[in-house]
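[1] test case, fold it:
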Amino acid sequence: MLGLLGMGLAGCSPDATHIVGIEDRRLVPGPRKPEHSAAAFEVDTTEAILFVWAPEAESAVPIVEHVATGQQVILSAIVIQRDAGDTGATLISGMSPGQDYRWHLRFDNGTTTDWFMFRTAPLPNEEAPLHLIYSSDIDVRPVFDSPIFATMAASGADVFVSLGDWPYADQAPAAWTVDEFRAKYREVRIAPKIQPLLRAFGIRAIYDDHDIHDDWAGLSISYPDRLAAGLKVWDEWFPLPKTGRRYRSWRWGTLAEMFMLDTRMYRREHTWKDNAQKTMIGAEQRKWLIDGVKASTAAFKLIFTSVVLDFGNTFDDWTIYTHERGLMFDGLRGVPGVVFLSGDQHWFGAHHHKSGFVEWTAGPLARTPRAPPPAVPGVVARAVGVFNYGDIVITPGLPPKLTFTARGPNGAVLYEESIVP
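    Numbers count the residues shown, from 1 in each chain. Predicted coordinates for the structure are as follows:
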């Protein structure tokens, strides 16, 4: 542009006012895109929840396009709610199962966001492969200093599952009020390096402790106002269908059904005696899990627990909730294709439990890795000191096969194994 201006002004007198006038005509910007963050959550066979945070806009219209045909659907506007921290969300429906869609938002000043992608789930009776990635622990420190988010975005996965600690709201200066929690979420969700992750696929998520306060237990909490503030803001930034609970399940054709546990809201303090009164997920959620897994006709049942089943390095995991863990294991034992997927520990681990279950622990994505305790029988692999995520591919066949791969920041294979139901 500067070269063209120079050529256009050749032979003219160096009139500063005249030059500025030409530059103003040629370089005047269009409407500025409002500061924003957006993502697609809870993508199912025909539905998805589209989310936006935009403090400078009044509304945003989602435009959804079927990738294969280019057919577009322009939906009614998402109203940005000031009393919800400048966020808005809408449930879109009427999409086709097992299809790729892209979408963007058109703000009320005429500007649009970049394109976002998601893939709808296949019908429950359809045999379709699944590519799922998951991990935990996203913080602005150490300032997203790895390419892991771009690597994950380029993986071609169908869905990303976050197992919590996104963000670290309890890190100094710790959040206590709604406004303070909102500031933590804004900081971590508008960071440039995380944008590829938000744009690449639909997201499923649950909280863990640092989303509110270190090692919190919902049934034994001593700061109810802080908990209420933290949950309100989590619900703003991770919108869910209005079921009254955050534990939930979803299906991916005939090959997989996913069960997301809430290991915080129904938990007793870790100091309680380990007996029938001490709970991590509670009797109602435990029954929901066991009944759902046993009734599932999917080849694989993936159970997401934000904290590890065993071999942890804290007093915050299932190792001190062994009574309830035993009840859960007893209820699930004998069901084919059950695997547990966990986070929280800041290292990758592959564990073959003496109970007969397989567990793969992933993370951190952007938080300081730490060293695990010495390995014990059942621990088949660990990776220390590296950001990582879990990569699961389930393929049809007789029998169908699940291949798990732990991957580092550049996608390098840290560990891999395959199982059949």
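
[2] does anything pack onto the strand or helix carrying M152? Which helices or strands?
    According to DSSP states H and E, M152 maps onto helix 148-153. Secondary-structure packing of helix 148-153 (3 or more CB pairs under 8 Å, 6 or more residues apart in numbering; DSSP states H and E): helix 195-200. In this view, the C-beta of every residue, glycine as well, is placed from N, C-alpha and C.

[3] what is the helix or strand just after the helix it packs on packed up against?
    As assigned by DSSP H and E, the chain's next helix or strand after helix 195-200 is strand 202-205. Packing contacts for strand 202-205, counted by 3+ CB pairs under 8 Å, 6+ apart, involve strand 37-41, strand 159-162.

[4] so who does the spatially most central residue of the chain touch?
    A centroid search over the chain (CA atoms, centre = their mean) returns S162, at 3.2 Å, as the residue closest to the centre. Counting by CB atoms under 8 Å, 6 or more residues apart in numbering, S162 makes contact with 134-136, 138, 203-206.

[5] cutoff 6 Å now
    Applying CB atoms under 6 Å, 6 or more residues apart in numbering to S162 gives the contacts A205.

[6] and the helices and strands packed on strand 202-205 as JSON lines, adding distance to V338 and mean pLDDT?
    Below are those laid out as JSON lines (distance: least, CB to CB, whole Å; pLDDT from 0 to 100):
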{"stretch": "strand 37-41", "distance to V338": "25", "mean pLDDT": "98"}
{"stretch": "strand 159-162", "distance to V338": "17", "mean pLDDT": "98"}
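
[7] Throw those into a markdown table and include distance to L198, thanks.
    Below are the helices and strands packed on strand 202-205 laid out as a markdown table (distance: least, CB to CB, whole Å):
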| stretch | distance to L198 |
| --- | --- |
| strand 37-41 | 5 |
| strand 159-162 | 9 |
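
[8] of all those, which lies closest to A256?
    In terms of CB to CB, the element of the helices and strands packed on strand 202-205 nearest to A256 is strand 159-162, at 10.4 Å.

[9] so I138 is in contact with A366, correct?
    Yes. I138 is in contact with A366 according to CB atoms under 6 Å; the separation is 5.0 Å.

[10] higher neighbour count, these two?
    Taking other CB atoms under 10 Å, I138 and A366 do not tie; A366 has more neighbours (28 against 25).

[11] quick one: residues contacting that one.
    Counting by CB under 6 Å, 6+ apart, A366 touches 138-139, 144.

[12] a markdown table please, covering those and showing pLDDT, distance to P55 and secondary structure.
    Output for the contacts of A366, formatted as a markdown table (pLDDT from 0 to 100; distance: CB to CB, whole Å; DSSP: H, G, I helix; E, B strand; the rest coil):
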| residue | pLDDT | distance to P55 | secondary structure |
| --- | --- | --- | --- |
| I138 | 96 | 22 | strand |
| D139 | 94 | 22 | coil |
| F144 | 79 | 22 | coil |
